[in-house]
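Engineer: Mind folding the following:
(one chain, ligands or ions: 1)
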Amino acid sequence: MNEQPGGPYPDLPYPDLMDRVVNLAKRRGFIFPSAEIYGGFRSTYDYGPLGVLMLRNVKDAWWRAMVQLRDDVVGIDAAILSSPKIWEASGHLANFTDPLVDCRHCHERWRADKIEGSCPNCGSTDLTEPRAFNLMFKTYAGPVEEDATVAYLRPETAQGMFVNFMNVLTTTRKKPPFGIAQVGKSFRNEITPQNFVFRTREFEQMEMEYFVPPDEADTWFHYWLDERMAWYLGLGIPEGKLRLRHHEADELSHYSAGTADVEFHFPWGWDELEGIANRTDFDLKAHAEHSGERLEYFDQASGERYVPYVIEPAAGATRTMMAFLLAAYDEDEIGGERRTVLHLDPRLAPYQAAVLPLSKNDALVPLSREVLGLLQPVAVCDFDVTQSIGRRYRRQDEVGTPYCVTVDFESLEDRAVTVRDRDTTEQVRVPIDRVAEELAGRLRR
Ligand code: ATP
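Structural biologist: Reported below is the predicted structural model:
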């Protein structure tokens, strides 16, 4: 975590951007503190009606780029509850630790590498020596709590790809270079979860393991750095808020021959969105050794047998969603009235369209429902009838809905509706018979 000189967001008029986004997320049903009626539960969060739509869009956009639009990557969905043997082989049981210190004065516990010699709670410098704290959640599979039934919640999705390497290879007939992608929950018993959903104990990851001939590893590492940067930029993160940071040699994980982080300029400074690593043949070799299975590729054409190297782009879905919200947040003035607007890419916005009858009039509502029925197959739609039309536009702008479709009294005569653009507020009249096509065209990229 590096502080940016000049303070957070020197180019924006919102020094309290984080608070504004957290408030908006709560107020409009993106993200709620979990178990709120019981006072919350240890920095866990629930995704509300709009949050679940947006988070799904983030994951879909990733899947589309990483799997659908390629012929060299396939997906899997591996179990969250997993055997200790996996974590022994991967090195997580021994190495997946953070340095924990206790403050002897107020008894708070901290991650030693995230504080600067004094307790952030009380300021005391009377801290214990750091000790290794394993971040994996341990539980028991089955009704008996004994050593033989110990299981772990996965702290990353990656190992699911490594242990299924041969299954995927034989069932898909892929050959290196090829990848296995997975999106799903991971769990880490973080010492200090913080910054809203940036660091939580339960979160979602989007990871891909790309298996390559060892002598091509460096080329593919750089290929994926470019691809992943382009993904964030293409979905609307401004260039000035995104950067690539290469790890120093002493910062590299035990398995890595090279790592770079995609970093976003968060309100507290530059911080990681995604890690891209050359994991070498570490994982496949470790699992081969521990399982006694051969985990290698046999190239029939050349008669060559080898253990592929792995390039891994590992991103966080929940953390990335937060970055998209921060980057999209804006306040401006339209027709002398202030509004809050999320300039979200339409592919990420919870709703792509809102159908709004001008009033609750008996004749307008049925026609509006007809329009809604036409649009629902091409876009996720909201339908809102209460309050003035201006207020309803503001409500849609605030959650990033790119298009509002208004049904007014003229619509009864000319069977046309008004389509309003969120960013320009420009309005065009479109015949009802063509509105689905018009919207699909605007949303298609
Ligand atoms: P850190 O050093 O910040 O603890 P890391 O480098 O160990 O994280 P990775 O193991 O590379 O993280 O995980 C890949 C991605 O998963 C991260 O870039 C991040 O987007 C996401 N991620 C990791 N831990 C968390 C968490 N506790 N909460 C939310 N997202 C997380």
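
Engineer: Would you mind checking the average pLDDT for stretch 115-127?
Structural biologist: In this model, stretch 115-127 has a mean pLDDT of 92.

Engineer: which parts of that stretch are buried?
Structural biologist: Buried positions in stretch 115-127, judged by neighbour count with 16 or more other CB atoms under 10 Å: Cys119, Leu127. For the C-beta atoms, the positions are set from N, CA and C on the backbone; glycine is no exception.

Engineer: Could you report the pLDDT at the closest residue to Leu242 other than its chain neighbours?
Structural biologist: Distance criterion CB to CB, 6 or more residues apart in numbering; nearest residue to Leu242, sequence neighbours excluded, is Tyr232 at 5.6 Å. pLDDT, Tyr232: 98.

Engineer: can you start the count at 43 instead of 1 from here on
Structural biologist: Sure, I'll start counting at 43 from here, so that last one is Tyr274.

Engineer: Tyr274 touches Leu286, doesn't it?
Structural biologist: No: at 10.5 Å, Tyr274 does not count as touching Leu286 under the criterion of CB atoms under 8 Å.

Engineer: More neighbours: those two, which one.
Structural biologist: Tyr274 (22 against 14; other CB atoms under 10 Å).

Engineer: Glu379 against Tyr435, yeah?
Structural biologist: No: applying CB under 8 Å as the test, Glu379 and Tyr435 come out as separate, 9.8 Å apart.

Engineer: more neighbours, the two?
Structural biologist: Per other CB under 10 Å, whichever of Glu379 and Tyr435 has more neighbours is Tyr435, with 22 against 10.

Engineer: which residues sit against the host helix or strand of Asp372?
Structural biologist: Using DSSP states H and E, Asp372 sits within strand 371-376. Residues external to strand 371-376 that are found in contact with it (CB atoms under 8 Å, 6 or more residues apart in numbering): 55-56, 59, 62-63, 66, 380-385, 467.

Engineer: hey, where'd the strands end up in the stretch 143-292 of the chain?
Structural biologist: For the stretch 143-292 of the chain, applying DSSP state E, counting those that start in this stretch gives strands covering 151-153, 173-176, 180-182, 192-195, 220-229, 244-254, 284-288.

Engineer: Relative to Asn163, which of the ones you listed is closest?
Structural biologist: Closest approach to Asn163 among these (CB to CB): strand 151-153, 8.3 Å.

Engineer: give me the low-pLDDT residue ranges for this structure?
Structural biologist: Applying pLDDT under 70 to the chain flags residues 43-55, 487.

Engineer: which residues sit in contact with whatever residue of it ends up closest to the ligand?
Structural biologist: The minimum distance from the chain to the ligand, using CB to the nearest ligand atom, falls at Gly358 (2.3 Å). Counting by CB under 8 Å, 6+ apart, Gly358 touches Phe245, Glu246, Gln247, Met248, Leu315, Glu316.

Engineer: can you tell me which residues contact Phe245?
Structural biologist: Lys227, Ser228, Phe229, Arg230, Val239, Gly358, Ala359, Thr360, Arg361.

Engineer: Quickly name whichever of those residues is closest to Asp113.
Structural biologist: Nearest to Asp113 among those, with distances taken as CB to CB, is Ala359, at 23.8 Å.

Engineer: And the closest one, how far from Leu97?
Structural biologist: 6 Å (CB to CB, to the nearest Å).

Engineer: list residues touching both of those two?
Structural biologist: Shared contacts of Ala359 and Leu97, defined by CB under 8 Å, 6+ apart, comprise Glu246.

Engineer: Now for Met208, how many residues are close by?
Structural biologist: By other CB under 10 Å, neighbour count at Met208 equals 17.

Engineer: what does Phe451 give?
Structural biologist: 11.

Engineer: before we move on, back to that, what subset of the contacts of Phe245 is buried?
Structural biologist: By neighbour count, with 16+ other CB under 10 Å, those hold Ser228, Phe229, Arg230, Val239, Gly358, Ala359, Thr360, Arg361 as buried.

Engineer: Look up how far Val449 lies from the residue lying closest to Ile474 once chain neighbours are set aside.
Structural biologist: Leaving aside its sequence neighbours, Ile474 sits nearest to Arg457 (CB to CB, 6+ apart; 4.8 Å). Using CB to CB, we find Arg457 at a distance of 10 Å from Val449.

Engineer: more crowded one of the two?
Structural biologist: It is Val449, of Arg457 and Val449, that has more neighbours when counted by other CB under 10 Å, with 27 against 14.

Engineer: got a list of what Cys148 touches?
Structural biologist: Listed by CB under 8 Å, 6+ apart, the contact set of Cys148 reads Cys161, Asn163, Cys164, Ser166.

Engineer: how many other residues sit next to the residue nearest to Phe366 when sequence neighbours are not counted?
Structural biologist: Spatially, and ignoring its direct neighbours in sequence, Phe366 is nearest to Leu390 (5.7 Å; CB to CB, 6+ apart). Here the number of neighbours of Leu390 (other CB under 10 Å) works out to 25.
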